[in-house]
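Asker: Got a sequence here, can you build the structure:
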Amino acid sequence: VTPQPLTHPRQTLMKRLLCIWLPNWPVQRRRAESLLSANANLNAPATNDKTTAEPRDSTAKTSPLHPPSQTVERSSPSTLHASSRSASNSTLHPPSGRVERSEGRAEPELPTHTSSPQATAPLIIWHADPRRGRIVAASCQRAAAMGVRLGMPIAQAVDITTTLADQHNSSRNVANQSLPPIPTAIIDEHDRVADRRALHSLATELQSHLCPQIALETLDRFKWAGRFRHDPEALVAEIDGVTHLFNDEPGLLAAAATILKRRHLKARLAIASTVGAAWALATHAPSQNRTKDPAKNHFDFFLAPADRTRDALQTLPPSALRLNPTDVETLQRLGIETIGSLLQLPRNGLATRIGHGLCNRIAQALGEVDEPILAIDIPTEHTASLELEYPTDAVDLIRDRIIRLIESATASLRPLGRGVLRLRC
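Answerer: Just a heads-up that it's a prediction; the model follows:
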């Protein structure tokens, strides 16, 4: 009898994670802020009414970044003090509003006020390159259709858009007055701080309404293959233990789409068992949407069953694994065009030929190596204090006062749908 070698299958660490990718984030962020500002200006006269100036309850005065604190303090030599730190966990109260679901997707409404010149004008965002000067960092679809490309000198991009707009408007005046004119292109500098701040604000709102564990995507020292900008454009959330509050994963996707729609954002959402798989599906997988109407296609969804992670990645390109551009070029020279072909090769050979970074990305995508997320932390304290007439060591009295302090300190948590992570007395 020939002895068989002992094989130890790789242990897989399975969770459920949601990845929300916001393509072309600098352009999306600027367009969304313009739409929100236009809506605010239209609604400004209604806010002058004194009857609508005050919110209906105290929770309307709060924001996700600055939740309220309840403090009752009295200066006294003998004071009991209780403080509770809360986490944003409003999954018990999903966001209100109409959500249309069909096969796990939400049908977003079209953004309003898109007919204004500011909203329809070509948008070009530039940044200063140390070697090449001012180059295009991002552009809207209309500017891209006119020939603007990433990395193009900004002067050339301005010349292209100006020439085409002048030609279109001249032919419109002569031939057909019904054709809409092309407004002058908007040229704006890339504001990385504003982009990150807006992405963090979105993560905070999702943390308040969907799940407490949500983070911005973690970048490497190098730009991933296919990425022109080295800035975060995606959010990752651990959704274990909260999907049942939304009638399973499709309902959670619909709730996330509602929040994004309210902010006039477009996104691709994917749920998988690993961070790497969720990111790969959100950025590269074909959508599972059934509708073909482009007006309703603001969101693309993909759900990978917990036991089908490897199958879901088969047809995706190797760049979906967040690889170094050099590694992707090497794989292309070897004729490896899909992750399925890559998984058929022995890991030892890949590590020797290309490097251990590729093998680590494969292990992370398949759940063989855990990839933790750095969830955003919004410290919030709800405090209360109670004065004693004199120092005491009576256990019953202290227990009664502590119970009262806990009830008082946590009273403001219930309207916010928050829970206590740490309680200190």
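
Asker: Buried residues of the strand or helix carrying residue 37, list them for me.
Answerer: Element membership of residue 37 [criterion: DSSP states H and E] is helix 25-42. By neighbour count with 16 or more other Cβ atoms under 10 Å, helix 25-42 contains the buried residues 25, 26, 27, 28, 29, 30, 31, 32, 34, 35, 38. To be clear about C-beta, it is placed using only N, CA and C from the backbone, and glycine gets the same treatment.

Asker: how about the strands of the stretch 201-350 of the chain, start to end?
Answerer: Secondary structure of the stretch 201-350 of the chain, counting by DSSP state E, counting those that start in this stretch: strands at 214-216, 234-238, 267-272, 299-303.

Asker: With just CA atoms, put the longest one into PDB.
Answerer: The C-alpha trace of strand 267-272 is given here as PDB (Å, rounded to 0.1, in the frame of the first residue of the first chain):
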ATOM      1  CA  ALA A 267     -22.600  53.400  -6.700                       C
ATOM      2  CA  ARG A 268     -21.900  49.700  -7.200                       C
ATOM      3  CA  LEU A 269     -22.600  47.500  -4.200                       C
ATOM      4  CA  ALA A 270     -21.500  43.900  -3.600                       C
ATOM      5  CA  ILE A 271     -21.900  41.500  -0.700                       C
ATOM      6  CA  ALA A 272     -19.400  38.600  -0.300                       C
END
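
Asker: Tell me the strands beside that strand, with direction?
Answerer: Using DSSP bridges, the strands paired with strand 267-272 are strand 17-21 (antiparallel), strand 299-303 (parallel).

Asker: In the stretch 151-300 of the chain, mark out all the helices, start to finish.
Answerer: Taking DSSP state H, counting those that start in this stretch, the helices of the stretch 151-300 of the chain run over residues 154-174, 192-209, 249-262, 275-284.

Asker: Could you dump the strands paired with strand 267-272 into JSON lines with distance to residue 385 and mean pLDDT added?
Answerer: As requested, these are exported to JSON lines (distance: least, Cβ to Cβ, whole Å; pLDDT from 0 to 100):
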{"stretch": "strand 17-21", "distance to residue 385": "40", "mean pLDDT": "97"}
{"stretch": "strand 299-303", "distance to residue 385": "47", "mean pLDDT": "90"}
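
Asker: among those, which is nearest residue 190?
Answerer: Distance to residue 190, taken as Cβ to Cβ, is lowest for strand 17-21 among these, at 19.0 Å.

Asker: pLDDT-wise, what's the bottom of the buried residues of helix 25-42?
Answerer: Within the buried residues of helix 25-42, residue 38 has the lowest pLDDT, namely 82.

Asker: State the distance from it to residue 264.
Answerer: 10 Å (Cβ to Cβ, to the nearest Å).

Asker: try residue 413
Answerer: Note on residue 413: its distance to residue 264, by Cβ to Cβ, is 31 Å.

Asker: could I get the helices of the stretch 151-300 of the chain as CSV with distance to residue 342?
Answerer: Converted to CSV, the helices of the stretch 151-300 of the chain look like this (distance: least, Cβ to Cβ, whole Å):
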stretch, distance to residue 342
helix 154-174, 37
helix 192-209, 31
helix 249-262, 27
helix 275-284, 12
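
Asker: Least confident of the ones you listed, on average?
Answerer: helix 154-174 (a mean of 86).

Asker: So which elements touch it?
Answerer: Based on contacts counted as 3 or more Cβ pairs under 8 Å, 6 or more residues apart in numbering; DSSP states H and E, the elements that helix 154-174 packs against are strand 123-129, strand 133-139.

Asker: most packed of the strands of the stretch 201-350 of the chain?
Answerer: strand 267-272 (a mean of 26; mean count of other Cβ atoms under 10 Å).

Asker: pLDDT of that strand, averaged?
Answerer: Across strand 267-272, pLDDT averages out at 96.

Asker: Same question for stretch 39-58.
Answerer: 53.

Asker: Among the buried residues of helix 25-42, which one lies nearest to residue 16?
Answerer: residue 25 (24.6 Å).

Asker: Buried residues, the helix or strand residue 383 falls within. List them.
Answerer: Secondary structure assignment for residue 383, by DSSP H and E: strand 381-387. For strand 381-387, burial by neighbour count (16+ other Cβ under 10 Å) applies to 382, 383, 384, 385, 386.

Asker: Would you reformat these as CSV and include pLDDT?
Answerer: Output for these, formatted as CSV (pLDDT from 0 to 100):
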residue, pLDDT
382, 73
383, 78
384, 82
385, 84
386, 83
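
Asker: Indicate which one of the strands paired with strand 267-272 is closest to residue 172.
Answerer: Residue 172 sits nearest to strand 299-303 of all the strands paired with strand 267-272, at 33.9 Å, using Cβ to Cβ.

Asker: how far is the closest one from where the chain is centred?
Answerer: When C-alpha coordinates are averaged (Cα atoms, centre = their mean, to the nearest Å), strand 299-303 and its chain have centres 14 Å apart.

Asker: contact partners of that strand?
Answerer: With Cβ atoms under 8 Å, 6 or more residues apart in numbering as the test, strand 299-303 has contacts from 104-106, 108, 249-250, 253, 257, 260-261, 266-271, 281-282, 285-289, 312.

Asker: Swap in 6 Å and give it another go.
Answerer: By Cβ atoms under 6 Å, 6 or more residues apart in numbering, the list of residues contacting strand 299-303 from outside reads 105, 108, 249, 253, 257, 267-271, 281, 285, 287-289.

Asker: Compute the inter-axis angle for it and helix 249-262.
Answerer: Calculated by axes from the mean of the first three to the mean of the last three Cα atoms, to 10 degrees, strand 299-303 forms an angle of 160 degrees with helix 249-262.
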